[in-house]
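1. got a predicted structure here, sequence first:
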Amino acid sequence: MTEPAVASSDATNIQARIERDGDHYVLNARKWWTSGGNDPRCAVLIFMGKTNPEDPNRHRQQSMIVVPMNTAGVKVVRHLPVFGYDDAPHGHAEIAFENVRVPKDHLLLGEGRGFEIAQGRLGPGRIHHCMRLIGVAERALEKMCRRTLGRVAFGRPIAEQTVTRERIADARILIDSTRLLVLNAADKMDRLGNKVSAKEIAMIKVAAPIMACQILDWAIQAHGAAGVCDDFGLAQAYAHARTLRLADGPDEVHRNQIGKLELARYRT
Amino acid sequence: MDFDYPDRTLALRNKLSAFMEEFVYPSEEKFFAEVDENRRQGNAWVATRVIEELKKKARAQELWNLWLPRSEHGAGLNNLDYAPLCEIMGRSPIGPETFNCSAPDTGNMEVLVRYGSPQIQESAGSGRCCAARSAPVSP
């Protein structure tokens, strides 16, 4: 979905074209942050672009189509590092699409229905990220506890120093409250569907990465300089968690949606 | 309102945690060492033996595709069932892929299962269903 040339947080900005030509669609675009695109096992990707750029409804201009990676005209330009990590062999690719011809039956659902799919797609994808981040934070807290119990500074174990206790307590509060939010969103998605759960999904997508970043930051601090090297996995976990404040919609977009839904209750 | 996990979830949590302790955490260093070695050899963009071995083990224990809400492809768990399991996988950077539950695959596979024609699912899955074989990255 994401393109280097436009602010892709507003997905209506997408410039990629999907044009019908007989039994095929022809794709032209430059995309980036296509995660997994550098992996040799990557067989297909899902491409979002405009089939109907003239449609007056900005949310009916886009479509999604499945593209086999070995199609002529698909070129992986480079991998994009995340805070210096290449995340090999998974990777995050920049990909050029030049006159890529795909059979017309590869179009998903129908022309102009890309946003509709995105609503279904991004719900589960987003909540899975949040679930994993709770695990990331739990492990960071565990490491923070073990490290501070085992090291002494200024005459006392670091765990016995008030600032450490406070951070450990706040970490536990943050993790447990975020978990409850995630379970609440999961329950609503199961009972009422992804679309109706938009607010709950947006809430956890804001809350979980910020929670994980904060706890990883404390865990790094508790490890001293060891926290920023790769020996404890905290630096890479931080890079990943921080990225999730941007991936699948930046915090600002989700907050904006939450605010809009909240305000809608009071508009007459 | 019941805040306890159901018995089935508790059993899966225990099984998953045991698998993480026995196989996944001890493989983390080996995974990064293998990738580093590949990088030194000039190409880090190849599948690792470590993960491929873990995947076989996970599959053999039926800890595979737990995220899929449809029972014909996965474990038939809904989001509420899956959340406490996914959390455990997330504890390790190599956890999610081990169980075929990594991003962006789960979201993408869900799209293909929901909206893809049988032909698309076939081509995406190298002859097996896309959910089991996985679409975008992990075979």
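-> Ah, there it is.

2. got the residues of the stretch 151-268 of chain A near chain B?
-> Contact residues (Cβ under 8 Å from any Cβ of the partner chain) of the stretch 151-268 of chain A with chain B: A:179, A:182-183, A:185-187, A:189-190, A:230, A:233, A:236-237, A:240. C-beta coordinates here come from the backbone N, C-alpha and C atoms, glycine included.

3. buried subset of those, written for PyMOL?
-> To isolate the buried members of those in PyMOL, using 16 or more other Cβ atoms under 10 Å in any protein chain shown:
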select buried, chain A and resi 179+182+183+185+186+187+189+190+233+236+237+240
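
4. want to try a markdown table for the residues of the stretch 151-268 of chain A next to chain B, with pLDDT as columns?
-> A markdown table is the format used below for these (pLDDT from 0 to 100):
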| residue | pLDDT |
| --- | --- |
| A:179 | 98 |
| A:182 | 98 |
| A:183 | 97 |
| A:185 | 97 |
| A:186 | 96 |
| A:187 | 96 |
| A:189 | 94 |
| A:190 | 93 |
| A:230 | 96 |
| A:233 | 98 |
| A:236 | 98 |
| A:237 | 98 |
| A:240 | 98 |
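
5. out of the residues of the stretch 151-268 of chain A next to chain B, which are inside helices?
-> Judged by DSSP state H, helices contain the following of these: A:179, A:182-183, A:185-187, A:189-190, A:236-237, A:240.

6. which of those residues sits closest to residue B:63?
-> residue A:186 (19.4 Å; Cβ to Cβ).

7. who are the contact partners of the closest residue in space to that closest one that isn't next to it in sequence?
-> Closest residue to residue A:186 apart from its sequence neighbours, by Cβ to Cβ, 6 or more residues apart in numbering or on different chains: residue B:79 at 3.7 Å. Neighbour list for residue B:79: A:124, A:127, A:185-187, A:189-190, B:69 [criterion: Cβ atoms under 8 Å, 6 or more residues apart in numbering or on different chains].

8. change it to 7 Å
-> Residue B:79 sits next to A:127, A:186, A:189-190 when contact means Cβ atoms under 7 Å, 6 or more residues apart in numbering or on different chains.

9. just the strands in the stretch 1-150 of chain A please.
-> Assigned strands in the stretch 1-150 of chain A, in chain order: A:17-21, A:24-35, A:44-50, A:62-68, A:74-79, A:92-103, A:107-108 (criterion: DSSP state E, counting those that start in this stretch).

10. as a markdown table, those strands with mean neighbour count would be great.
-> Listed next are those as a markdown table, based on neighbours: other Cβ atoms under 10 Å in any protein chain shown:
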| stretch | mean neighbour count |
| --- | --- |
| strand A:17-21 | 16 |
| strand A:24-35 | 20 |
| strand A:44-50 | 25 |
| strand A:62-68 | 24 |
| strand A:74-79 | 16 |
| strand A:92-103 | 19 |
| strand A:107-108 | 24 |
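
11. how about these in a markdown table, adding distance to residue B:26 and mean pLDDT?
-> Shown next, in a markdown table, are the strands of the stretch 1-150 of chain A (distance: least, Cβ to Cβ, whole Å; pLDDT from 0 to 100):
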| stretch | distance to residue B:26 | mean pLDDT |
| --- | --- | --- |
| strand A:17-21 | 46 | 98 |
| strand A:24-35 | 26 | 97 |
| strand A:44-50 | 33 | 96 |
| strand A:62-68 | 37 | 96 |
| strand A:74-79 | 28 | 97 |
| strand A:92-103 | 28 | 98 |
| strand A:107-108 | 40 | 96 |
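
12. can you list the weak-confidence ranges in chain A?
-> A:121 (pLDDT under 70).

13. show me where it has its helices.
-> A:114-150, A:162-192, A:198-222, A:234-243, A:251-264.

14. point to the residue nearest the middle of chain B.
-> residue B:100 (1.9 Å; Cα atoms, centre = their mean).

15. what is the end-to-end distance of stretch B:88-107?
-> 19 Å (Cα to Cα, to the nearest Å).

16. what's the average pLDDT for it?
-> When pLDDT is averaged over stretch B:88-107, the result is 95.

17. how distant is that stretch from the center of its chain?
-> 5 Å (Cα atoms, centre = their mean, to the nearest Å).

18. would that stretch count as contacting chain A?
-> Yes. Counting by Cβ under 7 Å from any Cβ of the partner chain, chain A has neighbours in stretch B:88-107: B:88-91, B:93, B:96, B:103-104, B:106-107.

19. I'm done for today, thanks for sticking with me.
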